[in-house]
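> okay, sequence plus prediction incoming.
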Amino acid sequence: MILQAPVARLLRLIIERKDFSFLADEGISEGDFLPKQSLTAFQWLKSFHAKWNTFPDLSTVNQEIGVELPAAVEEPSFVVRTFKEYSQGKKLAAIIEEATSYLETKDVRGAINELKKIDQLQTTEEFGRSFRETAAERYDRYEEGKLKAKSGLGTPWPSLTDQIIGYLPASLNTIIAMSNVGKTWASVIHAIYFMQQGHRVAFVTLEDSIEIVENRLDSYCYKINNKHLNQHQLLIRDDVQWRLGLLANMEGDGDILVYSGNQVQTVADLATVVDSSKAEILIVDAAYCLQATGIEAGWKTSETVVNQLKQLMHDKNIPIIITVQQDPEQVKKRTKHERLYSTRSGKFWGIGSNLVIELSSDEDQRLRKEARISILKNKNYVHSENNQTGEIDIHWNLLKMEFGEIQGDETLEEIEW
């Protein structure tokens with residue numbers, strides 16, 4: 001087995017130090033050992049140490065896997081730096097090769113998405129952050145945050161905002177609900193809210209057409225009948241209200257840019273959407289339809305997609321709001337902790353999200369045209385002292401386009417049988 005010099009030197013340094021832990025301190029992981037023969041040699045060394053609780057001498061390495069390592073250890077900083085540069089070069093070459101293969105099939109979009117992976121390559125020498133050295137930086141960040149109204153963007157419901165401190169930058173926020181409960185409407189409500197706050201929103205619909213989503217946006221924004229709008233049979237009152245509203249809203253801060261599943265299939269496509277739209281918030285309706293890249297379809301698809309979404313939220317430093325469908329059998333479990341993992345295609349949506357909100361409406365609530373929002377996961381957020389229940393009730397009236405928060409002293413609307 002022939003190893004390139006940077007890999008051989010690093011393996012020799014590991015044996016000399018009789019230690020693997022310094023690799024993590026340097027930001028080196030198993031995935032950095034490229035190509036395959038380098039990984040094989042590294043894994044053999046790890047398995048030898050695990051089995052015998054010692055490190056092999058150079059002759060044993062040569063006898064067992066046919067690798068000749070340097071007789072002496074060079075300057076450790078040189079060994080580490082040259083290995084990192086070698087590993088980065090191999091990763092870069094693989095990306096360029098894959099991009100070239102896309103171009104050979106005239107898939108320019110695929111090539112561009114592949115080349116975007118270059119931005120994800122680690123290029124800094126320091127991977128960890130010193131708690132002592134970043135003290136002033138942390139205080140500056142705190143002072144800067146005081147200039148903002150809140151730590152994150154608000155929500156359409158004041159009590160919910162109060163409990164979750166809004167949607168923070170670089171966060172993955174998941175809305176889960178049963179089929180036909182209202183995931184798309186929840187996306188629409190958020191999109192209009194953010195636009196009216198002066199923000200640019202990228203709205204990706206993976207199940208519906210752009211026209212259907214635009215009709216819902218119009219219906220909610222201008223309070224007109226969605227069914228009549230879809231059928232091109234608006235009442236005169238609604239027609240006039242809509243036209244006047246459109247004219248008034250053609251200019252102003254904030255916007256919503258809508259994309260369909262024909263334009264977006266992967267998280268790499270979402271990165272393109274955020275860049276091209278200059279979006280401050282990304283909303284993905286039916287995120288379970290996203291395709292995973294780099295693996296075959298199967299049970300690990302959702303885990304891969306979630307991990308890629310988390311990488312995207314850090315790269316773009318924006319809140320990402322997604323909707324995911326619940327499994328009917330799993331929802332029968334009544335505790336919040338159990339319902340957190342009730343999503344179709346795996347529990348990774350709940351595990352990987354910073355915030356998980358459940359939208360539900362039982363038979364009684366449907367009759368009253370109401371729904372309930374429950375906070376199932378609230379990582380690194382602060383709850384309000386005034387409301388520790390983690391639940392709020394809202395109107396869910398599709399005829400009146402009323403989705404506001406229900407106050408405690410409100411009288412119930414008359415039930416329509």
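Yes, it's here.
> quick check, F33 in contact with K46.
No: judged on CB atoms under 8 Å, F33 makes no contact with K46 at a distance of 10.5 Å. Heads up, the C-betas are built off the backbone N, CA and C, glycines and all.
> who's more crowded, those two?
Each of F33 and K46 has its neighbours counted (other CB atoms under 10 Å); F33 has more, 22 against 13.
> quick check: phi and psi at the more buried one.
Main-chain torsions, F33, degrees, to the nearest 10: phi -90, psi 100.
> contacts only, for it.
If a contact means CB atoms under 8 Å, 6 or more residues apart in numbering, then F33 has 7, 39, 41-42, 87 as its contacts.
> of these - the most surrounded one?
V7 (25 neighbours).
> my guess is that residue meets S38, correct?
Yes: counting by CB under 8 Å, V7 does reach S38; the two are 4.5 Å apart.
> please report how far the residue most central in space within the chain lies from N215.
The centre of the chain sits closest to L309, judged by CA atoms, centre = their mean, with a distance of 2.9 Å. Going from L309 to N215 by CB to CB, to the nearest Å gives 27 Å.
> the residue nearest to the centre of the chain and I318 touch, don't they?
No: L309 lies out of contact with I318 (CB under 8 Å); the separation is 11.6 Å.
> who's in contact with the helix or strand E211 falls within?
Using DSSP states H and E, E211 sits within helix 210-222. For helix 210-222, contacts defined as CB under 8 Å, 6+ apart pick out 184-185, 188-189, 191-192, 203, 205, 224-226, 229-230, 241-242, 245-246, 249, 256, 258-260, 285, 401, 403.
> burial measure for E363, as a count.
7.
> report pLDDT for it.
For E363, the model assigns a pLDDT of 90.
> and the gap between it and D393?
Applying CB to CB, the value for E363 to D393 is 15 Å.
> SS state for the residue nearest to the centre of the chain?
What DSSP: H, G, I helix; E, B strand; the rest coil gives for L309 is helix.
> any idea how far S302 is from it?
For L309, the distance to S302 - CB to CB - is 10 Å.
> common neighbours of these two, please.
Common neighbours of L309 and S302 are not found (criterion: CB under 8 Å, 6+ apart).
> what mean pLDDT does the strand ranked longest in the chain have?
Secondary structure assigned by DSSP state E gives strand 370-378 as the longest strand of the chain. Per-region confidence: strand 370-378 scores 92 on mean pLDDT.
> go on, stretch 84-102?
Mean pLDDT, computed over stretch 84-102, is 91.
> how about stretch 118-131?
Per-residue scores along stretch 118-131 average to 61.
> and for stretch 321-341?
81.
> list the buried ones in it?
Within stretch 321-341, the residues that qualify as buried are 321-327, 331, 339-341, counting by 16 or more other CB atoms under 10 Å.
> narrow these to those in strands?
Filtering those for strands - DSSP E - leaves 321-325.
> now the residues you listed in a markdown table, with distance to Y102?
Shown next, in a markdown table, are these (distance: CB to CB, whole Å):
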| residue | distance to Y102 |
| --- | --- |
| I321 | 30 |
| I322 | 27 |
| T323 | 30 |
| V324 | 30 |
| Q325 | 32 |
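> which one among those gets closest to Y139?
Closest approach between these and Y139, by CB to CB: I321, at 30.3 Å.
> quick check: the gap between that closest one and N180.
From I321 to N180 the distance is 20 Å (CB to CB).
> so who does I392 touch?
Contact partners of I392, counting by CB under 8 Å, 6+ apart, are 157, 159-160, 372-373, 405-406.
> shouldn't it be within a strand?
Yes: when three-state DSSP is applied, I392 is found to be in a strand.
> beta partners for it?
Judged by DSSP bridges, the bridge partners of I392 are I373.
> ok, now T343?
In beta-bridge terms (that is, DSSP bridges), T343 pairs with Q326.
> do the same with A202
Per DSSP bridges, the residues bridged to A202 are L257, L282.
> that one contacts A271, doesn't it?
No: assessed by CB under 8 Å, A202 is found out of contact with A271, at 10.7 Å.
> pLDDT weak spots in the chain?
120-129, 141-142, 144-151, 293-300, 331-334, 380-389, 408-417 (pLDDT under 70).
> and the longest helix for it?
helix 76-104 (DSSP state H).
> can you name the farthest residue from the center of this structure?
Largest centre distance within the chain, by CA atoms, centre = their mean: S59, 48.1 Å.
> what about that one, distance to E358?
62 Å.
> what's the burial count for L270?
25.
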